[in-house]
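Peer 1: Turn this into a structure:
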Amino acid sequence: MAPTSADLLRCEQEARILIVDDELEVVTLLADSLQDADPSWRVETETDPQRAMERLAEEDFDCLITDLVMPPVGGLRLAREARSHDQDLALIAITGCGTLESSIEALRLGFADFLEKPFDLDDVKHAVSRSLRQRRQKETRDSRFAELAQAKTQLQTEQAQLAQKLDVASHDLVLSSKRMARRMDGLAVTADVARTLMGVIELEDLLGLSAEIIGDRIPCHTSTLALYETRENAIGLLVRANPETDDPPALSWLRTPVDTGLMCRAAQTAKSIHVEDIETSALVVGQEKELWPDGRLLVVPVSRQGLTVAVAALHRLSHEQDFAADDVKHLTELADVIAPAIQTAKLHHRQRCQIYACLERIADAVEARDAYLKGHSVRVQAYAMPIATALDLHQSQIGAVQIAARLHDIGRVIIPDSAVNHPGPLTDEQWEIVRRHPDAGAEFLGPLDFLGEVGDVIRGHHESYDGTGYPDRKAGEEIPIVSRVIAVADTFDAMTSPRPHRHALAIEETREQIHRLAGEQFDPRITEAFLAIPGEALAQVQASHR
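Peer 2: Got it, this is the predicted structure:
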């Protein structure tokens, strides 16, 4: 069962919220709704933006909900003034006819959510809950950072006091003070790295940030973080950073997971490995030699409580200085700090994968109700992916295509059995229910924030390019591009699959019909990308997933 609004808001306490809108009925509606959601919230309202600005300068609030368009003082100016007094103030925008420029400025100012009029009160409650939670999390982090800084200052003070005493002590005590100083430097580095990684939960982001941290602190040509999977005893994902350039870390999924070679040996033995000459080393094999053709390597396991979660690799060119004992020590210390963060991120990633696997099973179960839909979503995914690749979409959009294509019909769970295998055309009542499945699918996936735009994509996969589709009658660029990709793939599979009231159409006949519908039902550019797929490839997909 999906969490209720009360469940989501229960964690927020003693929050003070100011709602600003020049429409009295809007602020009254929002205030009543939020006060009912959590009685511990102190909800206050203002219809005069000038008065609201004065209050924000004199009083403390946790969250500001403001309309962006309010003469004479707009919501953007109000937010800017409020942030000048409280940089952590949670900001939520109410907008009815905002411009692109105002939206960009609002994002720059730090608005966490945009509530379009007319808005859903549950969305408002959830937005406030998220914003307040983020504010409290930042306050907690800032408090922790302050404690850490205080502890560091105290340690530095103690070090200075100790150094004064050691000046008059014996040579052995002098050496002891130097060892202590080095240890404190290590602790400072550890604290700095831990603070940098704090709160980063996305696995790929964490690996990239960790690779950059290592490359910034130890001289090298490239620094690499490779994820090690203990179940497979292999490495399939790695991120490489080049500290000599400003390029972002490069993410690579290996063509074939590496289960032998230098990185796996370091992971499996939990020991550091130093290679002076990559070209002559028997330890560096296969894809590793493609990653590092020549030079020197230092590989250290990244372990947590005896479990290797990744390996860190430093690469230097042949003419550069060889790795020394201090490099091994420094890299090992960094690996010890990075390991807990990677372990947590891996667990978070695995949980998401498990949730997605469950969603796939639900999608399969929905298809299993209809004898004519078996394998439909898998085929749509197979048709959609080469279209996305041909369009040169962003990596995140390609990922959305892959997931949304697989789950695009999950909302069909609302269709009653009487309509699933109805012999002949559907009745008007049945057709009305069927038309609701994109919206139902989007609503079903709504609570899963990690799916990003997938819910919106699924909602729009039956929209038509000319605005005659459903459920929102969007047109052209209003429809998410991923939805437009799936629309072509979905229609092609539907037309080439048998139905109770008709036979399946031939591939070429279907391609001709899709071509005729370019500019009407389908985006012409996406249609062109689809028609470039060889008919043999389409036929192979059909044969493989029936």
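
Peer 1: Which residues are in contact with the residue nearest the centre of the chain?
Peer 2: Centroid-nearest residue in the chain: residue 450, 5.8 Å away (criterion: C-alpha atoms, centre = their mean). Contact analysis of residue 450 by C-beta atoms under 8 Å, 6 or more residues apart in numbering lists residue 352. In short, each C-beta sits where N, CA and C put it, glycine included.

Peer 1: go with 10 Å
Peer 2: Neighbour list for residue 450: 201, 202, 348, 349, 351, 352, 355, 356 [criterion: C-beta atoms under 10 Å, 6 or more residues apart in numbering].

Peer 1: now residue 105, what's its secondary structure?
Peer 2: Counting by DSSP: H, G, I helix; E, B strand; the rest coil, the backbone at residue 105 sits in helix.

Peer 1: so how far is residue 111 from it?
Peer 2: 9 Å (C-beta to C-beta, to the nearest Å).

Peer 1: Which one's more surrounded, those two?
Peer 2: residue 111 (22 against 17; other C-beta atoms under 10 Å).

Peer 1: Next, that one: secondary structure please.
Peer 2: Residue 111 - assigned by three-state DSSP - is coil.

Peer 1: Ramachandran angles for it?
Peer 2: phi -60, psi 130 (degrees, to the nearest 10).

Peer 1: surely it meets residue 80?
Peer 2: No - the criterion here is C-beta atoms under 10 Å, and residue 111 misses it with residue 80 at 11.1 Å.

Peer 1: Common neighbours of those two, please.
Peer 2: In contact with both residue 111 and residue 80: residue 105, using C-beta under 10 Å, 6+ apart.

Peer 1: check contacts around the nearest residue to residue 208 once chain neighbours are set aside.
Peer 2: Distance criterion C-beta to C-beta, 6 or more residues apart in numbering; nearest residue to residue 208, sequence neighbours excluded, is residue 249 at 3.6 Å. Applying C-beta under 10 Å, 6+ apart, one finds that residue 249 lies in contact with 204-205, 207-212, 215, 222-225, 238-242.

Peer 1: Filter the residues you listed down to the buried ones.
Peer 2: Buried members of those, counted by 16 or more other C-beta atoms under 10 Å: 207-212, 215, 222-225, 238-242.

Peer 1: measure stretch 469-484 end to end?
Peer 2: Terminal residues of stretch 469-484 are spaced 11 Å apart (C-alpha to C-alpha, to the nearest Å).

Peer 1: Pull the number of nearby residues for the closest residue to residue 371 other than its chain neighbours.
Peer 2: Closest residue in space to residue 371, ignoring its immediate chain neighbours: residue 421 at 6.4 Å, by C-beta to C-beta, 6+ apart. By other C-beta under 10 Å, 13 other residues sit near residue 421.

Peer 1: Check what pLDDT residue 421 gets.
Peer 2: On the pLDDT scale, residue 421 is placed at 71.

Peer 1: now do residue 189
Peer 2: What the model reports for residue 189 is a pLDDT of 62.

Peer 1: and what of residue 267?
Peer 2: Per-residue confidence (pLDDT) for residue 267: 89.

Peer 1: Go ahead and confirm it touches residue 232.
Peer 2: No - contact criterion C-beta under 10 Å: residue 267 and residue 232 do not qualify, at 11.2 Å.

Peer 1: on that earlier part again, what do residue 105 and residue 111 both touch?
Peer 2: Contact criterion C-beta under 10 Å, 6+ apart; residues shared by residue 105 and residue 111: 68, 76, 79.

Peer 1: Below-threshold pLDDT in the protein: ranges please.
Peer 2: Within the chain, the stretches falling below the threshold (pLDDT under 70) are 1-13, 97-100, 166-191, 193-194, 197-201, 254-256, 422-424, 546.

Peer 1: Relative to residue 442, how far out is residue 403?
Peer 2: Applying C-beta to C-beta, the value for residue 403 to residue 442 is 13 Å.

Peer 1: Name the residues contacting each of those two.
Peer 2: Listed as contacting both residue 403 and residue 442 by C-beta under 10 Å, 6+ apart are 454, 457, 458.

Peer 1: show me the contacts for the last one.
Peer 2: Going back to what we said before, that points to residue 458. Residue 458 touches 400, 403-405, 407-411, 437-445, 451, 480, 482-483, 486, counting by C-beta under 10 Å, 6+ apart.

Peer 1: Turn the shared contacts of residue 105 and residue 111 into TSV, including distance to residue 32, secondary structure and neighbour count.
Peer 2: Converted to TSV, these look like this (distance: C-beta to C-beta, whole Å; DSSP: H, G, I helix; E, B strand; the rest coil; neighbours: other C-beta atoms under 10 Å):
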residue	distance to residue 32	secondary structure	neighbour count
68	22	coil	23
76	26	helix	21
79	23	helix	24
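
Peer 1: List just the nearest of those residues to residue 263.
Peer 2: residue 79 (48.5 Å; C-beta to C-beta).

Peer 1: Pretty sure the closest one sits against residue 93.
Peer 2: Yes - here residue 79 reaches residue 93: they are 8.1 Å apart, a contact under C-beta under 10 Å.

Peer 1: What's the local residue count around the residue lying closest to residue 437 once chain neighbours are set aside?
Peer 2: Of all residues beyond its chain neighbours, the one nearest residue 437 is residue 411 (3.8 Å), with distances taken as C-beta to C-beta, 6+ apart. Residue 411 has 22 neighbours, counted by other C-beta under 10 Å.

Peer 1: Now do residue 411 against residue 515, distance only.
Peer 2: Residue 411 is 29 Å from residue 515, by C-beta to C-beta.

Peer 1: mind listing the helices for the stretch 301-450 of the chain?
Peer 2: 325-368, 376-390, 395-407, 417-420, 428-434, 437-445 (DSSP state H, counting those that start in this stretch).

Peer 1: Quick one: the shared contacts of residue 105 and residue 111 as JSON lines, columns for distance to residue 307 too.
Peer 2: Below are the shared contacts of residue 105 and residue 111 laid out as JSON lines (distance: C-beta to C-beta, whole Å):
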{"residue": "68", "distance to residue 307": "50"}
{"residue": "76", "distance to residue 307": "49"}
{"residue": "79", "distance to residue 307": "46"}
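
Peer 1: centre of the chain versus stretch 107-126, how much separation?
Peer 2: 20 Å (C-alpha atoms, centre = their mean, to the nearest Å).
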